[in-house]
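> Next input, structure requested:
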Amino acid sequence: MSCQKLSRQSLHLVLNEGRGLFSLRHMDVSKLFYPSTAEALEAEARAKKKKKKNGTNKIGSIGRLPTPSIHYQPYTWSASNPYSSLCALALFGERSKNKILCTDMAGHTSVYNTELRSFMRMPDLNSPKRYNSCVAVSIPGASAHAMSNFDIDTDHSLYIMNIDPTYWCSSEVLAYDPVEECWCWGPLPQPPFFQDREYKIPLKPRFTVVDSTKICVSTTTATYSFDTATRDWNKVGDWVLPFKAEYVPELGHCLGISDGGPFDLCLLDNLSTAAGSSPPVVRHVGMEFELPENWSQVYRDLVNLGSLRFCIVNGYTIENELYECDFNPVTVFTGVELYECQQAVNRGSE
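The predicted structure is shown next:
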């Protein structure tokens, strides 16, 4: 299997450089995979033998991150507030993987084209969103939602939902209006769980896409589904998604990293959006690697690269053995490929 099968050739990395300044970098994802499955299996077998002999499995290194292609500073309310942050980032466009949509805390939106290295201003959100309670979902092939038959990259919709009820327009969709011939943000129905007086904002959103048309969102006590075609909400059940999951159309399942085991890649089986459905079955796919004793996890994410290949991004701090209060930051990128027997082959790079 060649890396040329990948739908995405680059992993876009947005880093906070401090004082409201962000950098955008592009990492060649082919470095995360072996040229073929056979070579990956051979390397995995050698690693197991080495681990059995030495008791450890060393992580490979790709050296320094690529240099930034641009630096970006979101809109700030005033010069006295230099820490204004981004609200949401998402790939935008079905046929093009080189466009990144970003919104800031003030609701200003723009699209960056990584090939042309240019920005295009987009309409402002109807209402600002909070970063730590915002859900951004990009749905390709959404012509029915975007109401467009244009032969340009408009067959796509981006949904942003704020699970904080203090904002008047919590849910919006960015779609192309063929009449006005422009992009616009359209308000969506409010989630029904906002009407619950005992509703509490989750510490972090747990959500996923099902069947490429429905968005599942969990509160602290239940899971709800939003149908992007009918624009209707319904309560799925009194259970919570175990983690934020990535929908994989090729499998018809959702893939995610378990909160219970920070290095467990898991599959959600039998996830239904019908009212009264039972919770999905969590199936273990594989372990990333064993965490050294002096490593502590800071963040993690799962990125779908297409063609059943993924990248797990984990940020850690390594405690200095000589100074207890001294920590060194480390980011680990792990390439994961799924194949027919639903096992995983991976290669990690530090």
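> show me where pLDDT drops low in the chain?
For the chain, applying pLDDT under 70 flags the ranges 1-7, 51-63, 75-84, 93-97, 140-156, 260-263, 287-289, 321-325, 340-350.
> Have a look at it and report its longest helix.
In the chain, with assignment by DSSP state H, the single longest helix is helix 37-54.
> For that helix, what is the distance to the chain centroid?
The chain centroid and the centroid of helix 37-54 are separated by 30 Å under Cα atoms, centre = their mean, to the nearest Å.
> what do you get for stretch 308-320?
14 Å.
> Glu293: neighbour count?
Neighbour count for Glu293, taken as other Cβ atoms under 10 Å: 7. In short, each C-beta sits where N, CA and C put it, glycine included.
> secondary structure class for it?
The assignment at Glu293 comes out as coil when based on DSSP: H, G, I helix; E, B strand; the rest coil.
> residue ranges for the helices of the stretch 51-200 of the chain, please.
Listed in chain order, the helices found in the stretch 51-200 of the chain under DSSP state H, counting those that start in this stretch are 143-146.
> and the longest helix of the chain, what does it pack onto?
strand 344-349 (3 or more Cβ pairs under 8 Å, 6 or more residues apart in numbering; DSSP states H and E).
> swap the cut-off to 10 Å and go again
Judged by 3 or more Cβ pairs under 10 Å, 6 or more residues apart in numbering; DSSP states H and E, helix 37-54 is in contact with strand 327-338, strand 344-349.
> so it versus strand 327-338, what angle?
Per axes from the mean of the first three to the mean of the last three Cα atoms, to 10 degrees, the angle that helix 37-54 makes with strand 327-338 is 130 degrees.
> Output helix 37-54 as CSV, restricted to C-alpha atoms.
Extracted C-alpha coordinates of helix 37-54, given in CSV (Å, rounded to 0.1, in the frame of the first residue of the first chain):
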residue,chain,number,x,y,z
THR,A,37,1.5,-3.1,5.0
ALA,A,38,4.0,-6.0,4.8
GLU,A,39,6.9,-3.7,5.9
ALA,A,40,4.8,-2.3,8.7
LEU,A,41,4.0,-5.8,10.0
GLU,A,42,7.7,-6.8,9.8
ALA,A,43,8.6,-3.7,11.8
GLU,A,44,5.9,-4.4,14.3
ALA,A,45,7.2,-7.9,14.8
ARG,A,46,10.8,-6.7,15.3
ALA,A,47,9.6,-4.1,17.8
LYS,A,48,7.8,-6.8,19.8
LYS,A,49,10.9,-8.9,19.9
LYS,A,50,13.0,-6.0,21.0
LYS,A,51,10.5,-5.0,23.7
LYS,A,52,10.4,-8.6,25.0
LYS,A,53,14.2,-8.6,25.2
ASN,A,54,14.8,-5.1,26.5
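> heads up, I number from 255, so please use that
Happy to do that; since the first residue is 255 now, the last one works out to helix 291-308.
> for it, which positions count as buried?
By 16 or more other Cβ atoms under 10 Å, the buried positions in helix 291-308 come out as 294, 298.
> Check stretch 357-373 too.
By 16+ other Cβ under 10 Å, the buried positions in stretch 357-373 come out as 357-366, 368.
> Over to stretch 376-387?
So, applying 16+ other Cβ under 10 Å, buried residues of stretch 376-387: 376, 379-383, 387.
> Let me know how buried the nearest residue to Val586 once chain neighbours are set aside is, in neighbour terms.
Nearest residue to Val586, sequence neighbours excluded (Cβ to Cβ, 6 or more residues apart in numbering): Asn568, at 4.7 Å. Neighbours of Asn568 under the rule other Cβ under 10 Å: 24.
> Equivalent analysis for Leu457, please.
By other Cβ under 10 Å, the residues close to Leu457 number 9.
> quick one, phi psi at it?
phi -60, psi -40 (degrees, to the nearest 10).
> Report the beta-bridge partners for Arg279.
Leu267 (DSSP bridges).
> What distance do you get for it to Arg451?
According to Cβ to Cβ, to the nearest Å, Arg279 and Arg451 sit 45 Å apart.
> picking up where we left off before, could you dump the buried residues of stretch 376-387 to JSON lines with distance to Pro546?
As requested, the buried residues of stretch 376-387 are arranged in JSON lines below (distance: Cβ to Cβ, whole Å):
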{"residue": "Met376", "distance to Pro546": "44"}
{"residue": "Leu379", "distance to Pro546": "42"}
{"residue": "Asn380", "distance to Pro546": "47"}
{"residue": "Ser381", "distance to Pro546": "44"}
{"residue": "Pro382", "distance to Pro546": "41"}
{"residue": "Lys383", "distance to Pro546": "37"}
{"residue": "Ser387", "distance to Pro546": "33"}
